[in-house]
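[1] Just a sequence and a predicted model for now, questions to come.
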Amino acid sequence: AKVAGRDRIRFFDSSMTRELVRKKEIEKELRAAIQKDELSIFFQPIVDLKTGRIRTFEALVRWFHPEKGELRPDEFIPVAEETGVIITLGNWITAQAAKACAQWPEDVTIAVNLSPLQIRAPGAALGIMAAVRDAGLDPHRLELEVTESLFLDDDENTARFMEELAAEGVRFALDDFGTGYSSLGYINQFPFSKIKVDRSFVSGPNVGKKSDAIIRAVAEMGSTLEMEIVAEGLETVEQVKVVSDAGCTLGQGYYFSRAVPDFLAAMLLAQDRGR
Ligand code: C2E
Ligand code: CA
Ligand code: CA
Ligand code: CA
């Protein structure tokens, strides 16, 4: 039993070490990737469910690794967050996204995902405004998507950050709504103009009468509070119908389009506007 115990400990140790090494490696490569131009921003349309028109593109980062191929953000954003690389990466993403949006028709907005750490960095709000100004983008066209995890420990700093940017016209969306907890408090306390209902309410094992009723209730709250409700992860026409009937105003998902590179986003827009 002693031997097994020792082995287990040794195994545990080495797997922890391996995990650390892997993280260090990703961190190093990620810093280099920004320089080497291996990262790019893709854009996924968010569509007005009544008119079918594209209202927003969400910026989603992609990493084209020379050996590992295309890496999904879920594989490297967490490492970027743990190591602090997210600050550099996030600034780069915001700048790229703002530049792209500045080329699109004026009624189209850009949504950028923000990690909690980015907000805590000193001068975070100023940095975002600088990116917007450099791109020549009207701040009203920038939306920042944040999740509930943002509010877990630093309410005051977060409030200041949001108020500073909201005063400049920047808008906020509460992302992945329904996956965290006490979200209603955040809606009450912070200046959100949009709620994005998580994909788990639209597809998967927990979808049914209950989830429909929840979407309906959220949509109703949205219309009372003059917030737009986005349904995420729409893949089928049936799902589009369910969320439209429930009162969601906007939809996003593979049914409309996957995230695409900038030039394809521009083409989608041209088609959309009949030009
Ligand atoms: P998210 O903000 O919830 O983004 C939506 C994710 O759902 C995207 O995955 C998108 O490709 C995927 N998706 C969209 N429509 C559908 C659909 O109809 N069906 C399915 N099954 N999936 C759909 P992606 O691009 O892999 O991003 C994953 C997450 O990584 C994002 O979740 C976001 O939390 C994070 N992320 C992506 N880009 C950035 C970024 O630039 N900065 C930060 N901080 N996080 C990012
Ligand atoms: Ca998002
Ligand atoms: Ca989301
Ligand atoms: Ca998500």
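    That came through, no problem. Ligands and ions are numbered 1, 2, ... in the order given.

[2] List the contacts of Gly222.
    If you count contacts by C-beta atoms under 8 Å, 6 or more residues apart in numbering, Gly222 has them with 195, 228-229, 247-249. (C-beta placed from N, C-alpha, C; glycine too.)

[3] Just list the residues touching Gly253, thanks.
    Gly253 sits in contact with 199, 202, 231-235, 239, where contact means C-beta under 8 Å, 6+ apart.

[4] Now intersect the residues you listed with the strands, please.
    Ala231 (DSSP state E).

[5] Who wins on neighbours among the contacts of Gly222?
    Cys248 (26 neighbours; other C-beta atoms under 10 Å).

[6] Mind jotting down where the helices sit in the chain?
    2-36, 73-83, 85-102, 116-120, 124-135, 155-167, 183-189, 209-224, 237-246, 262-272 (DSSP state H).

[7] Tell me the confidence at the closest residue to Ile34 other than its chain neighbours?
    Closest residue in space to Ile34, ignoring its immediate chain neighbours: Trp92 at 5.8 Å, by C-beta to C-beta, 6 or more residues apart in numbering. What the model reports for Trp92 is a pLDDT of 94.

[8] Roughly how far does Trp92 sit from Ala266?
    Separation of Trp92 from Ala266 (C-beta to C-beta, to the nearest Å) stands at 21 Å.

[9] Next: Lys23.
    37 Å.

[10] Check what pLDDT Leu39 gets.
    Leu39 carries a pLDDT value of 96.

[11] what sits against it?
    Leu39 neighbours (C-beta under 8 Å, 6+ apart): 33, 61-64, 89, 92.

[12] picking up where we left off before, narrow the contacts of Gly222 to those in strands?
    Counting by DSSP E, the contacts of Gly222 place 195, 228-229 in strands.

[13] isn't Glu168 right up against Pro139?
    Yes: counting by C-beta atoms under 8 Å, Glu168 touches Pro139, with 4.7 Å between them.

[14] Between these two, which is the more surrounded one?
    In terms of neighbours (other C-beta under 10 Å), Pro139 is the more surrounded of Glu168 and Pro139; the figures are 17 against 14.

[15] Report the contact partners of the closest residue to the more buried one other than its chain neighbours.
    If the residues on either side of it in the chain are set aside, Pro139 comes closest to Gly169, at 4.1 Å by C-beta to C-beta, 6+ apart. By C-beta under 8 Å, 6+ apart, Gly169 lies in contact with 138-140.

[16] which one of the residues you listed is nearest ligand 1?
    Taking C-beta to the nearest ligand atom as the measure, Pro139 is the one of these closest to ligand 1, at 18.6 Å.

[17] Thought Ala167 was touching the closest one, still the case?
    No: with contact defined as C-beta under 8 Å, Pro139 does not count as touching Ala167 (9.6 Å).

[18] hang on, the earlier thing: overlap in contacts, Glu168 and Pro139.
    Shared contacts of Glu168 and Pro139 (C-beta under 8 Å, 6+ apart): Met129.

[19] burial of Pro191, as a residue count?
    By other C-beta under 10 Å, 14 other residues sit near Pro191.

[20] measure the residue lying closest to it once chain neighbours are set aside to ligand 2 for me?
    Sequence neighbours aside, Ala166 is the residue nearest to Pro191 in space, at 4.6 Å (criterion: C-beta to C-beta, 6+ apart). Separation of Ala166 from ligand 2 (C-beta to the ion, to the nearest Å): 19 Å.

[21] The residue nearest the centre of the chain and Glu67, how far apart?
    In the chain, the centroid-proximal residue (C-alpha atoms, centre = their mean) is Asn113; its distance is 3.4 Å. Counting by C-beta to C-beta, the separation of Asn113 from Glu67 is 26 Å.

[22] Please apply the same query to Val85.
    Applying C-beta to C-beta, the value for Val85 to Glu67 is 19 Å.

[23] try Gly222
    Gly222 is 45 Å from Glu67, by C-beta to C-beta.

[24] How about Val197?
    For Val197, the distance to Glu67 - C-beta to C-beta - is 37 Å.
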